[in-house]
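>>> Need coordinates for the below:
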Amino acid sequence: MKITITADLLDGMVLAILERQDYYGYALTQEMQKAISISESTMYPVLRRLNQGGYLTTYQQSYQGRNRRYYRITRKGEQHLSRVRKLWNDYKESLDRVFNASDKGEEQ
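Numbers count the residues shown, from 1 in each chain. Sure, this is the predicted structure:
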């Protein structure tokens, strides 16, 4: 069984990773795959959406004679990440109350 990942959660995960450091697309996909199953064909539309929304900026850097497009979180992206983290924490706490209620003998 797979749990569906929403666009908001994908956005938050990408922004959280880019908060730590800049990445080029393939490396960012590899980093995301440590947590969820995601393909490059799914990742690039997410990156385009975040870039168009002003949450990311891009720059080119040469590597072995080719240019790589790197992604960097913007101030607007940091603010959006903060909102997504709050929503995630509220959602997670609400689910934890449901899933863990029987562990503690709590009534609903």
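
>>> For the residue nearest the centre of the chain, which non-adjacent residue is spatially closest?
Using Cα atoms, centre = their mean, the residue of the chain that lies closest to the mean C-alpha position is Met13, 1.5 Å off. Among residues not flanking Met13 along the chain, Met32 sits closest, at 6.3 Å (Cβ to Cβ, 6 or more residues apart in numbering). From N, CA and C alone the C-beta is placed, and that goes for glycine too.

>>> wait, doesn't that neighbour sit right on Gly12?
No. Applying Cβ atoms under 8 Å as the test, Met32 and Gly12 come out as separate, 11.4 Å apart.

>>> quick one, strands of the protein?
With DSSP state E as the criterion, the chain has strands at 23-24, 56-63, 66-73.

>>> quick one: which of those is nearest Lys92?
Nearest of the strands of the chain to Lys92, taken as Cβ to Cβ: strand 66-73 at 22.1 Å.

>>> Sheet partners, orientation included, of the closest one?
strand 23-24 (antiparallel), strand 56-63 (antiparallel) (DSSP bridges).

>>> Deepest-packed of these, please.
Ranked by mean neighbour count, the strands paired with strand 66-73 are led by strand 23-24 with a mean of 18 (mean count of other Cβ atoms under 10 Å).
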